[in-house]
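Asker: A structural model of the following input is requested.
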Amino acid sequence: MTETLCSIMLVAFFAVMIFVGFYTRKHATDVNGFVLGGRSVGPWLTAFAFGTSYFSAVIFVGYAGQFGWNFGLASTWAGLGNAFIGSLLAWNVLGRRTRVMTQHIDAKTMPDFFGKRFNSTPLKVAASVIVFIFLIPYTASLYNGLSSLFGLVFDIPYWVVIVVMAVLTGIYVIFGGYMATAINDFIQGIIMLFGICAVIGAVLIDNGGLIEATKSLASITGDAGWKGAYTAFLGPDPLALLFVVILTSLGTWGLPQMVGKFYAIKSEKDIHKGTIISTVFAIIVAGGCYFLGGFGRLYSDKVVMNEMTGKPLFDTIIPTMLSTLPALVIAVVIVLVLSASMSTLSSLVLTSSSTFTLDVIQPASKKEMSDKKQVSIMRLFIVFFILVSAVIAIFKDAHPEVTFIAQMMGVSWGALAGAFLAPFLYGLYWKGVTKVATVVCFVWGCGIAVIQLIVTLAGVDVTSWGTILGYIFKSSINSGVIAMVGGLIIVPVVSLFTKKQKEDELEELFDCYDEKTEVPVKEHLK
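Answerer: Residues are numbered from 1 along each chain as shown. Predicted coordinates:
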């Protein structure tokens, strides 16, 4: 019954995704349309594209299970941080300025922004290389958790799941570009909203309701060493929780696939609407995921444990919670997680392919490249990036002893956000940011990530490094936060002591914010 129901829902889901790809192909005939949807995407599509790119299967299966196990119900703070810092504040601080300046300088990607904002082609290429290196493993991580979920219903090899998801995502992105991605993100977002509500309700009912489930959780001592730790307001480890909130919330400000959504939004009033929609979406989806994960310890007798560490395999916690639920709920969850993964995958491969084509291939070409040729090259790179991510995911599953891939995935977020967040944010607001400061921040963010990777792979005992350094490199979460926060300090300090851009260049760049426009009073008060 469950397998039949899931099969029907998946076939319908895939049919809609492919139809949207073919339907929107008329919007993907030139570079502006293929990459940015003609900069005419409305608030609902943009907000849902932002949210679905934000929250993938990594959040629902991996992070919700891991942080829910570690912090209990306090892990919900991570979801609320994603909503109010990663969505609400990001839209208010970055949304309008990003849209205005990127259109003014005709920047279509984040590396393109750096190149034109600081009048430096090498800077653009360097940013493109960072995106290329760190987005591929991040893309491969999106397949995490799908194996255990599909294993609840289907008796098929994991590689089949990966291939099907990769091929179908590739079809609609290649045909429809950004517009296909945005429309499918909207559909997938609706599935995610209803799906997470249904799952939370089902899990709570399965445990006797909210009050009974909370009482049971409050009686657990676990790793915390004291009862009630997993229902406490800030959980058993408030400092570690704070680092999780900062990384998963503030980190979006520096991720090219997230910031790129602001490039495409249509108008001023659409930014206001999009802010509200995106925030509500994040409260329900992210808050719901982490809240659900907070009850993971109620299933400690069923969760698969790692024999070496004595800790659970975090990707199995959420599937274990779902294993006893009705067939309809499991079917909804399968489609929900697939939606989350495909929406983020489509955003990442579109970002990677457009960045590499427009910021590396096109400038290196000796001949002028037509829009049609650039779009064709981007489509080829979409195939390449999807293929590489799928191969990495399959290889990682077949060879779990190869830890490099898993650790590379873990540091990707921190590396990208650590390198890009500060120079991008300051670059939108402050004329004083220098090219040298941006380069230093690139080196800082990537350097911290590489050190973390070496420490983890080599099994270095960081406790001998001292209290502060030991805590920083204890995990990729901590080092990622330090990379981001450190960048916010480094960029203004280095900028004060390094050569500024020419005044006429800066005036031309920032003139876009002073341009006068006339709007009706109903849209803007006098």
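Asker: what's around Ile211, how many residues?
Answerer: Neighbours of Ile211 under the rule other C-beta atoms under 10 Å: 9. No exception for glycine: its C-beta is placed from N, CA and C like everyone else's.
Asker: for the stretch 351-500 of the chain, which segments count as helices?
Answerer: Along the stretch 351-500 of the chain, counting by DSSP state H, counting those that start in this stretch, helices occupy 362-364, 371-398, 403-429, 435-458, 467-472, 476-496.
Asker: can you give me the end-to-end span of stretch 226-240?
Answerer: Using C-alpha to C-alpha, to the nearest Å, one end of stretch 226-240 lies 17 Å from the other.
Asker: from the middle of its chain, how far away would that stretch be?
Answerer: Stretch 226-240 sits 27 Å away from the centroid of its parent chain (C-alpha atoms, centre = their mean, to the nearest Å).
Asker: with stretch 16-27 instead?
Answerer: 24 Å.
Asker: mean confidence score for that stretch?
Answerer: What stretch 16-27 shows for mean pLDDT is 83.
Asker: in it, what counts as buried?
Answerer: 17-18, 20-21, 24-25, 27 (16 or more other C-beta atoms under 10 Å).
Asker: make CSV from those residues and add secondary structure and distance to Phe84 to it.
Answerer: Converted to CSV, the buried residues of stretch 16-27 look like this (DSSP: H, G, I helix; E, B strand; the rest coil; distance: C-beta to C-beta, whole Å):
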residue, secondary structure, distance to Phe84
Met17, helix, 31
Ile18, helix, 36
Val20, helix, 31
Gly21, helix, 34
Thr24, coil, 32
Arg25, helix, 37
His27, helix, 33
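Asker: now, which of the residues you listed sits nearest Gly37?
Answerer: His27 (6.2 Å; C-beta to C-beta).
Asker: which residues touch the closest one?
Answerer: 33-34, 37-38, 176-180 (C-beta atoms under 8 Å, 6 or more residues apart in numbering).
Asker: how close does it sit to Thr355?
Answerer: Distance, His27 to Thr355, by C-beta to C-beta, to the nearest Å: 20 Å.
Asker: could you do Lys273 as well?
Answerer: 28 Å.
Asker: ok, the two, which is more surrounded?
Answerer: Thr355 (29 against 16).
Asker: surely the more buried one touches Val125?
Answerer: No - between Thr355 and Val125 there is no contact under C-beta atoms under 8 Å: 10.5 Å.
Asker: joint contacts of those two?
Answerer: Contacts common to Thr355 and Val125, judged by C-beta under 8 Å, 6+ apart, are Pro111.
Asker: buried residues, the helix or strand hosting Leu241. List them.
Answerer: For Leu241, the element it lies in under DSSP states H and E is helix 238-250. Buried positions in helix 238-250, judged by neighbour count with 16+ other C-beta under 10 Å: 240-241, 243-250.
Asker: rewinding a little: which one among the buried residues of stretch 16-27 gets closest to Tyr290?
Answerer: Met17 (27.2 Å).
Asker: can you tell me how far Leu89 sits from Gly487?
Answerer: Taking C-beta to C-beta, one finds Leu89 at 17 Å from Gly487.
Asker: okay, now the unreliable bits of the protein?
Answerer: Filtered on pLDDT under 70, the chain yields the residue ranges 1-2, 57, 144-148, 152, 308-309, 400-407, 409, 517-526.
Asker: how about stretch 503-510: buried residues?
Answerer: By 16+ other C-beta under 10 Å, the buried positions in stretch 503-510 come out as Leu509.
Asker: and that stretch, how far out from the chain's middle?
Answerer: 33 Å.
Asker: what lies in contact with that stretch?
Answerer: Counting by C-beta under 8 Å, 6+ apart, 101, 104-105, 117, 119, 431, 500 sit against stretch 503-510.
Asker: ok, stretch 273-283 next?
Answerer: By C-beta under 8 Å, 6+ apart, the list of residues contacting stretch 273-283 reads 43-44, 46-48, 50-51, 54-55, 79-80, 82-84, 86-88, 91-92, 95, 189, 193, 265.
Asker: and those residues, which of them are buried?
Answerer: The buried subset of these (16+ other C-beta under 10 Å) comprises 43-44, 46-48, 50-51, 54-55, 79-80, 82-84, 86-88, 91, 95, 189, 193, 265.
Asker: show me the contact partners of stretch 32-46.
Answerer: Residues outside stretch 32-46 that contact it (C-beta under 8 Å, 6+ apart): 27-28, 49, 99, 103, 108-109, 177-179, 182-183, 185-186, 261-266, 269-274, 277-278, 350, 354, 358, 375, 378.
Asker: and stretch 317-327, end to end?
Answerer: 18 Å.
Asker: quick check: buried residues in it?
Answerer: Neighbour-count burial for stretch 317-327 [16+ other C-beta under 10 Å]: 317-322, 325.
Asker: ok now that stretch, how far from the chain's centre?
Answerer: That offset, for stretch 317-327, works out to 25 Å (C-alpha atoms, centre = their mean).
Asker: which residues touch it?
Answerer: For stretch 317-327, using C-beta under 8 Å, 6+ apart, the contacting residues are 1-2, 5, 60-61, 64-66, 68-69, 145, 148-149, 151-152, 199, 202-203, 206, 292-293, 295-296, 298-299, 302-304, 329-330, 333.
Asker: now do stretch 297-309
Answerer: 69, 72, 207, 213, 216-217, 220, 222, 230, 296, 311-313, 316-317, 320-321, 323.
Asker: mind exporting stretch 481-496 as CSV, just the C-alpha atoms?
Answerer: Provided in CSV are the C-alpha atoms of stretch 481-496 (Å, rounded to 0.1, in the frame of the first residue of the first chain):
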residue,chain,number,x,y,z
VAL,A,481,31.3,31.0,12.5
ILE,A,482,34.7,32.3,13.2
ALA,A,483,35.4,32.6,9.5
MET,A,484,32.3,34.7,9.0
VAL,A,485,32.6,36.9,12.1
GLY,A,486,36.3,37.3,11.5
GLY,A,487,35.7,38.5,8.0
LEU,A,488,33.3,41.2,9.3
ILE,A,489,36.1,42.6,11.4
ILE,A,490,39.0,42.0,8.9
VAL,A,491,37.4,43.8,5.9
PRO,A,492,36.9,47.3,7.5
VAL,A,493,40.2,47.1,9.4
VAL,A,494,42.3,46.2,6.3
SER,A,495,40.3,48.7,4.2
LEU,A,496,41.4,51.6,6.5
